[in-house]
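# With the sequence up front, the predicted model follows.
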Amino acid sequence: MCPAGVALSHPAAEVLLDYAHRGCPVNTGSPWSKEMMEAAIKKGPHTSALVDDAIKQLHQEVEAKVECGQCRVVLWDDIKDDPPKELKISPIAMIPHKSKPYRSILDVSFGVTLDTGEKIPSVNESSVIKTAPAKAIDQLGHSLNRIIHAFAQADTSDAKIFAAKWDIKDGFWRLDCEEGEEWNFAYVLPQQEGQPVKLVVPTSLQMGWIESPPYFCAASETGRDVAQQYSEAPIGSLENHKFISHALQGEDYETFQGQGGIEKLRYMIEVYVDDYICLAIPRNKEDLRHMANAVMAGVHDIFPADEEDTADPISYKKLLKLEGMWALTKDILGFTFDGDNKTLWLESPKRDALLTTMKQWIRAANRTKGGIPFDEFRSIIAKLRHAFISIPSGKGLLSPCNAILRMQPPIVYLHKNRLLRQAICDCRTLLRESTVAPTKCSELVAAWPDFVGVKDASGHGVGGVIVGENKQCVPTVFRYEWPDDIKKEIVSDANPNGKLTNSDLECAGLLMLWLVMEDVCDITTGTHVALFSDNSPTVSWVQRLAVKSSLVAGQLIRALALRLKVMGASPLSTLHVPGVQNAMTDIPSRSFGDPPKWHCKSDEELLTLYNSHFPLPNQNSWTVYQVSSRISTRILSVLRMQLISLDEWRRLPSRGRHTGVVGSPMPHLWEWTLTYRMPRSSNASELSRDSQQSLEWGTSIAAGVKSELRRYLQLSQPLARRALWPME
């Protein structure tokens, strides 16, 4: 790594030049004693590095790195009487890898244990004083999110998104340690017994060290900035890169005839550690040539080109695998993106591995009733959680799995836990279907709502209102009274042994609200919906699509997640509204006799009461929605802890119907409803006397709630890239 060309004008140039000429500072704490060194040597390599094939591959790698000056091999006998003060020895591990049998990783998280039982901190644990530029890794967690948002924003057009990526060969090995400090990363070379102990001393940063990523990203992020500068040059002004032919090939490129209606090249350049990614909405082939030249020139301004292609920093092996080729379908950061349909799904090898493992689990539960080792269970659930980035509703199925992760049993038995078994089956179904019906990127991005629903639940029943915001819908109010057996199970001071909490009922009410909105609102792929509730646990459950303690709520969230998947809506914006501001839904949820002033014996009485308290603009009228008995039965079944299959939630019966005269559809009603959060008196003199105070109060509430929603949506957005990332 050594900056040159345009990179020399970058704010990071001075520090990168210092790393290039002097090496990266390494501070791993106090020196080890000879006793510690000998204990580490006695421990030797990780067991994974003692397999014959692994030993053979490691020896070949060490020989190649010695030849190019990236490490050296020393005999312990030659230095043991006066070892270097920075010498620390960690076990080398050989991990199975997708593109070769093994990848070698130095386990610098391993702590040495002396014969006395004393535990010596590992290299990572003792790296307390940070020397790498911490800000350099600020961008890592946002790269995938930025790419998803870019695809989502283009989903409303017919524009095709081309993608290409370039990998840095031997990434961390391209940054050296300061002279003498390379001894911090020594390891014992595995070999036959009886041979003298050999220590391998890499001169470069090691993958497992906690400071390596920020050091490397200081370089790779600068390369991205430089590539951005090159991309802003006039089209056609850049020299053709030596690897340009690898980008300009393939059917998508060769058949591309240009895109009419696009006035300006649009592009995005991202880097994730050592992976450079470029998206482009080009006008013509020349735009694609320009962007490929820009990115590769930016890379070589940080990582100097090699005359030998196979040794070049831009991985020649990955170029031969067509990763640098412009294409409409491309694997990016573990997911496959389709630039024509703006969809994504988990990469096939990862998906197939997960499907195979879960199938084995389910078969074992059906036949032998065998258990799953906890470490395996935890690993697969972590991979599922990552996979569900492309299927966000999948997170709503994991509550039973999360409960197992908290308990940490040595063995996990599916046949003993029906909810857990159901969750694994459902997860496998969603994952299996993800390639046939991939997720639109627009389904993964929240935005200002098209429709707004507000609900409240009480011991009597549930009620809510639905209004249009960016889109129009019929202003709707609905209510549903809980049957007696549900009321008898509600926990209260008089009934401490009940099985249903108020939060369970609130969550059931929110599910009912969503099901009504499916029928009342025009919900299609990417529709944005905001839901408000005065119950904090319900809001938290929906925001996380996860429940810790309530089995009932866990099944309600599962049902909601499955319906979100079916409808293709974007992530819900779910926020808390204080009860004092939620009077619009207090009336329908308590219209069953308590309090008497709100008692409505029929839908007609509810409509009359509602129009008198909350008169709509332009003399429009609310419309009452009557929930069908078949839909309410589904929700009641969950409250009664009866299992409902995935298919049953997918294929719902009629949700209900509007009753009476249906009002006119209206947009932009949400702000208006915010000013009516308290019911107004039907007495003309009282209304006149309090109208100004009520208006001022309502306007203040409206501003506060809108501001809260904006903050919530901002938090879901990816971090915007700075023009040039700061060193500090």
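In hand now; what should we look at? Numbers count the residues shown, from 1 in each chain.

# what pairs with residue 95 across the strands?
Residue 95 has these beta-bridge partners by DSSP bridges: residue 103.

# Give me the neighbour count for it.
The burial count assigned to residue 95 is 13, neighbours taken as other Cβ atoms under 10 Å. (C-beta placed from N, C-alpha, C; glycine too.)

# For it, which residues are in contact?
When contacts are counted by Cβ atoms under 8 Å, 6 or more residues apart in numbering, residue 95 touches 48, 102, 103, 104, 105.

# ditto for residue 82
Residue 82 neighbours (Cβ under 8 Å, 6+ apart): none.

# change it to 10 Å
Counting by Cβ atoms under 10 Å, 6 or more residues apart in numbering, residue 82 touches residue 34.

# distance between stretch 510-523 and the chain's centre?
Offset of stretch 510-523 from its chain centre (Cα atoms, centre = their mean, to the nearest Å): 26 Å.

# Narrow the contacts of residue 95 to those that are buried.
When the contacts of residue 95 are checked for burial by 16 or more other Cβ atoms under 10 Å, the buried set is 48, 102, 104, 105.

# of the contacts of residue 95, closest to residue 437?
Of all those, residue 437 sits closest to residue 103, with 34.2 Å by Cβ to Cβ.

# Touching, that closest one and residue 92? I think so.
No. Residue 103 is beyond contact range of residue 92, at 11.1 Å (criterion: Cβ atoms under 10 Å).

# how about the contacts of residue 95 in JSON lines, adding distance to residue 556 and pLDDT?
What follows is those, written out as JSON lines (distance: Cβ to Cβ, whole Å; pLDDT from 0 to 100):
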{"residue": "48", "distance to residue 556": "44", "pLDDT": "92"}
{"residue": "102", "distance to residue 556": "46", "pLDDT": "91"}
{"residue": "103", "distance to residue 556": "44", "pLDDT": "89"}
{"residue": "104", "distance to residue 556": "48", "pLDDT": "91"}
{"residue": "105", "distance to residue 556": "43", "pLDDT": "91"}
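
# contacting residues around residue 161?
So residue 161 contacts 147, 150-151, 154-155, 266-268, 279-282, 328, 330, 337-342, 441 (Cβ under 10 Å, 6+ apart).

# and what of residue 417?
365, 400, 403, 404, 423, 424.

# In the residues you listed, find the pair that's most separated.
So, these by Cβ to Cβ: farthest apart are 365 and 403, at 17.1 Å.

# out of the two, which sits in the busier spot?
Applying other Cβ under 10 Å to residue 365 and residue 403 shows that residue 365 carries more neighbours, namely 21 against 18.

# in stretch 323-343, what counts as buried?
Under the neighbour-count criterion of 16+ other Cβ under 10 Å, stretch 323-343 has 323-328, 330-333, 335-339, 341-343 buried.

# tell me the average confidence for stretch 179-188?
Averaged across stretch 179-188, the pLDDT comes to 95.

# and the end-to-end length of it?
This stretch, stretch 179-188, spans 20 Å end to end (Cα to Cα, to the nearest Å).

# do stretch 199-213 as well
End-to-end distance for stretch 199-213, by Cα to Cα: 24 Å.

# ditto for stretch 241-256
For stretch 241-256, the end-to-end distance is 21 Å (Cα to Cα).

# And it, how far out from the chain middle?
32 Å.

# Give me the buried positions along that stretch.
Quick answer for stretch 241-256 (16+ other Cβ under 10 Å): 241, 243, 246, 247, 248, 250, 252, 253, 256.

# picking up where we left off before, now, the buried residues of stretch 323-343 that are in strands?
The members of the buried residues of stretch 323-343 that map onto strands under DSSP state E are 330, 331, 332, 335, 336, 337, 338, 343.

# can you pull the contacts of the third one?
Think residue 332. 143-144, 147-148, 151, 163-165, 270, 272, 275, 277, 279, 323, 344, 347.

# ranges for the strands of the stretch 351-500 of the chain?
372-373, 411-412, 439-440, 451-457, 461-468, 476-481 (DSSP state E, counting those that start in this stretch).

# List the contacts of stretch 116-129.
25-30, 32-33, 35-36, 39-40, 88-90, 106-114, 184-185, 206, 208-211.

# Then stretch 373-381?
Here stretch 373-381 makes contact (Cβ under 10 Å, 6+ apart) with 353-354, 357-358, 361, 371-372, 398, 401-402, 404-405, 407-412, 414, 420, 423-424, 427.

# immediately after the helix or strand containing residue 505, which helix or strand?
Assigned by DSSP states H and E, residue 505 belongs to helix 502-520. Later in the chain than helix 502-520, the nearest helix or strand by DSSP H and E is strand 529-533.

# and whichever helix or strand comes after that following strand, how far out from the chain's middle?
As assigned by DSSP H and E, the chain's next helix or strand after strand 529-533 is helix 536-544. In terms of Cα atoms, centre = their mean, the centre of helix 536-544 is found 18 Å from the chain centre.

# just how off-centre is the helix or strand following helix 536-544 within its chain?
Counting by DSSP H and E, the next helix or strand C-terminal to helix 536-544 is helix 551-567. How far helix 551-567 lies from its chain's middle: 19 Å, per Cα atoms, centre = their mean.

# next one: stretch 203-210
Mean-position distance between stretch 203-210 and its chain equals 27 Å (Cα atoms, centre = their mean).

# Now that stretch - C-alpha only, PDB.
The C-alpha coordinates for stretch 203-210 follow below in PDB (Å, rounded to 0.1, in the frame of the first residue of the first chain):
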ATOM      1  CA  THR A 203       5.600  -8.700   8.600                       C
ATOM      2  CA  SER A 204       2.100  -7.600   7.800                       C
ATOM      3  CA  LEU A 205      -1.100  -6.900   9.700                       C
ATOM      4  CA  GLN A 206      -3.100 -10.100  10.600                       C
ATOM      5  CA  MET A 207      -6.800 -10.700   9.900                       C
ATOM      6  CA  GLY A 208      -7.700 -11.600  13.500                       C
ATOM      7  CA  TRP A 209      -6.200  -8.600  15.200                       C
ATOM      8  CA  ILE A 210      -8.800  -6.000  16.300                       C
END
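
# Helix or strand with the lowest mean pLDDT in the protein?
Lowest mean confidence among the helices and strands of the chain (mean pLDDT, DSSP states H and E): helix 684-715, at a mean of 67.

# so where's the stretch 551-700 of the chain shaky on pLDDT?
The stretch 551-700 of the chain contains residues with pLDDT under 70 at 580, 676-700.

# run the last query once more with 90
Applying pLDDT under 90 to the stretch 551-700 of the chain picks out residues 577-587, 593-598, 612-615, 617-619, 643, 660, 670-700.

# ok, which stretches of it are helices?
Assigned by DSSP state H, counting those that start in this stretch, the stretch 551-700 of the chain shows helices spanning 551-567, 583-589, 603-613, 629-639, 646-650, 670-674, 684-715.
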